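>>> What follows is a predicted structure for the sequence shown.
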Amino acid sequence: MDSLTTSRAGLNVDSRVDEEQFGEHENIPISSLSGRFEGYLNSLPVVGFNSGKYDINVIKPYLIRHLLHEDVDIIDEVRDEDGEEEAEHDGEGRAYFQGGPFVVKRNNQYLCIGTDRLKFLDIINYLAPGFSYQKSFFPFEYITSLEKLKETKLPPHEAFYSTLKKRNITEKEYKHCEDLWRENNMKTMKDFLIYYNKKDVGPFLCALEKQIAIYQTLGVDLLKDGLSVPGITLKYMFKTIEFKAIFSLFSEEEKELHSLLRDNITGGASLIFHRYHEKDKTFIRNNTSKPCRTICGYDANALYLSAIMRDMPTGLRRTSLKLSGDIGTDRWRANG
């Protein structure tokens, strides 16, 4: 073939596609593909560590005003409805293919802020759940002015206490800070702050380079092919899936079933759980005006057992739609 093509699974990087091997495809003008490729190359990832919840929220009034000189499209991710992949698809389409600025949010967390040239990302979205965010040690609450950065010795152990975490660092950890001060020939607290910031960034860059290299062996660009693990996984799946693979989807005649199932999906308990609460002694979200009055315990494990004990549909499917009168709703219910 003389023209570049893309498969229906997504953009194909190769300049030629074997029509017989890949089967059905769409021809796309070279000018359009060139624009996509140029946008891909010009997008520079700016990666932060847990920045979606903290750093970006602090600087967003200034960042968006100075970087995005036009209206910004806000793409809010709704977990129980659209899911992350759809938000990512919209966001990346705007970033690479249309060139417009955009923001992708998940509740109060920023997944991405993108312009024609920059793409602000949070590496936390590429890590496994439960990954430790532990950093080094620094007396944040002790430094209340720039003058304290001029102090010529490490502050006492009690200066490292955190009212946020409601605990101090251990004696062993404080001894580690003293060793760092001596071994690095520090003169002021400014030196200690510089060391803290560098140690926060250096190992992070090393780990990021290795993680990017691993994904490169899979043919995936970690920071440009997705905004988080689900997006990267989807990209890799379509790159490795066998052509002519069968996906069982709803037909055009039964498209109402898709809406039926999605509309009837309900989430679980969306409470804020704590390891310890005591009636009339602890407080809700540490608010002293809201003491804990009642404690309830729920065991949801039995729900799984109840579900797997039920009969599952087998054989040829027969669908009938009728209006359900339960709880006064207008939802349709399928009976097979």
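That came through fine.

>>> Give me the residues contacting stretch 162-171.
137, 140-141, 157-158, 160-161, 177 (CB atoms under 8 Å, 6 or more residues apart in numbering). Placement of C-beta: from N, CA and C, glycine included.

>>> Restricted to helices, list these.
Among those, the ones falling in helices (DSSP state H) are residue 177.

>>> I'd like the contacts of stretch 162-171 written out as CSV, with pLDDT, distance to residue 46 and neighbour count added.
Converted to CSV, the contacts of stretch 162-171 look like this (pLDDT from 0 to 100; distance: CB to CB, whole Å; neighbours: other CB atoms under 10 Å):
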residue, pLDDT, distance to residue 46, neighbour count
137, 91, 27, 16
140, 92, 24, 13
141, 93, 29, 12
157, 96, 37, 17
158, 95, 37, 10
160, 95, 31, 21
161, 94, 33, 14
177, 94, 30, 20
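
>>> Mind checking which of the contacts of stretch 162-171 land in strands?
Of these, none are assigned to strands by DSSP state E.

>>> what's the closest of the contacts of stretch 162-171 to residue 262?
Closest approach to residue 262 among the contacts of stretch 162-171 (CB to CB): residue 140, at 44.8 Å.

>>> Tell me the pLDDT of residue 312.
Per-residue confidence at residue 312 stands at 77 (pLDDT).

>>> Could you check how many residues crowd around it?
Burial of residue 312 is recorded as 6 neighbouring residues (other CB atoms under 10 Å).

>>> now the contacts of stretch 162-171 in TSV, with distance to residue 123?
What follows is the contacts of stretch 162-171, written out as TSV (distance: CB to CB, whole Å):
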residue	distance to residue 123
137	21
140	22
141	26
157	32
158	33
160	26
161	29
177	26
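
>>> Looking at the contacts of stretch 162-171, which is nearest residue 110?
Taking those together and measuring to residue 110 by CB to CB, the closest member is residue 140, at 22.6 Å.

>>> So for that closest one, what's the nearest residue that isn't a sequence neighbour?
The shortest distance from residue 140 to any non-neighbouring residue, by CB to CB, 6 or more residues apart in numbering, is to residue 162 (7.2 Å).

>>> Low-confidence stretches in the stretch 101-250 of the chain?
Low-confidence segments of the stretch 101-250 of the chain (pLDDT under 70): 130-134.

>>> what distance separates the start and the end of stretch 243-250?
End-to-end distance for stretch 243-250, by CA to CA, to the nearest Å: 20 Å.

>>> ok, and the closest non-adjacent residue to residue 204?
In space, residue 204 is closest to residue 49, 5.8 Å off (CB to CB, 6+ apart).

>>> burial count for that neighbour?
Residue neighbour count, defined by other CB under 10 Å, stands at 17 for residue 49.

>>> Quick check: it touching residue 125?
No. When contacts are counted by CB atoms under 8 Å, residue 49 is not listed as touching residue 125 (11.0 Å).

>>> Check what pLDDT the residue nearest to residue 204 gets.
85.

>>> tell me the contacts of it?
Neighbour list for residue 49: 122-124, 133, 200, 204 [criterion: CB under 8 Å, 6+ apart].

>>> Now with 10 Å, please.
Residues counted as contacts of residue 49 (CB atoms under 10 Å, 6 or more residues apart in numbering) are 55, 122-124, 127, 133, 135, 200-201, 204, 208.

>>> Just the residues you listed: which are in helices?
Using DSSP H, 55, 200-201, 204, 208 are the members of these that sit in helices.

>>> just the buried members of those?
Using 16 or more other CB atoms under 10 Å as the burial test, the ones in helices among the contacts of residue 49 include 55, 208 as buried.

>>> Using the three-state scheme, assign the closest residue to residue 225 other than its chain neighbours.
Using CB to CB, 6+ apart and skipping the chain neighbours, the partner closest in space to residue 225 is residue 235 (4.5 Å). Under the three-state scheme (DSSP: H, G, I helix; E, B strand; the rest coil), residue 235 adopts helix.

>>> ok, residue 169 to residue 158 distance?
The gap separating residue 169 from residue 158 is 10 Å, by CB to CB, to the nearest Å.

>>> So for the two, which residues contact both of them?
Common neighbours of residue 169 and residue 158, using CB under 10 Å, 6+ apart, are residue 139.
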